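Participant: this one's sequence-less:
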């Protein structure tokens, strides 16, 4: 496993000049976000954006295998008080040494609640409906198409924080409810599982 890059949270003057038009509405200083991206350019770009958002700690891996090893340690039930849990995962979808699909599948099928309820935002360079449907059906909270902007990334993070969806457990699916809005329907809702099988996870900002 390669060394994980831990990024300083001091924003650069160039990036600040782009995003300093309005005060930040959230305090993300206690958040730890993991970036899983094989492109060094995209890693650096997202890191700079997250710094400007005020994210407390940013970790980066280049593929899903590294991310799985890191999450196994950081999300452990018993660990050092100096290690912080990951709050949000930003992952590329297609990577040569371990894909976003492999990482998302491992997260949603993990036995530890601290892992399988993690908010996951997929960042992909492909805009096909097939990819969008696949990420949703595998349990991604949000998806984002490259090239990304500060506004689009902030919007997805805010959506995870402000609009946490209940997690649904079904025979072939575990993840956030795939319905984005309530639609009137008079028939039986076959997608809803018994209450004791549904867990809700909330992302909160202190």
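Facilitator: Sure, I can see it. Remember, it's a predicted structure, so these values are computed and weren't measured experimentally.
Participant: shouldn't residue 46 be in contact with residue 153?
Facilitator: Yes. Taking CB atoms under 8 Å as the definition, residue 46 is a contact partner of residue 153 at 6.9 Å. C-beta coordinates here come from the backbone N, C-alpha and C atoms, glycine included.
Participant: Could you check which of the two is surrounded by more residues?
Facilitator: Just comparing residue 46 and residue 153: by other CB atoms under 10 Å the higher neighbour count belongs to residue 46, 24 against 20.
Participant: In contact with the more buried one, which residues are there?
Facilitator: Contact analysis of residue 46 by CB atoms under 8 Å, 6 or more residues apart in numbering lists 35, 37, 90, 123, 148, 153.
Participant: So which of the residues you listed belong to helices?
Facilitator: residue 153 (DSSP state H).
Participant: Considering the contacts of residue 46, which possesses the most neighbours?
Facilitator: residue 90 (27 neighbours).
Participant: Would you mind confirming that that residue makes contact with residue 34?
Facilitator: Yes. Residue 90 is within contact range of residue 34, at 7.0 Å (criterion: CB under 8 Å).
Participant: returning to what we had before: just give me the closest of the contacts of residue 46 to residue 141.
Facilitator: residue 90 (10.7 Å; CB to CB).
Participant: circling back: strands - which of the contacts of residue 46 land there?
Facilitator: 35, 90, 123 (DSSP state E).
Participant: Against residue 27, how distant is the residue most central in space within the chain?
Facilitator: Centroid-nearest residue in the chain: residue 120, 2.6 Å away (criterion: CA atoms, centre = their mean). Relative to residue 27, residue 120 is positioned 22 Å away (CB to CB, to the nearest Å).
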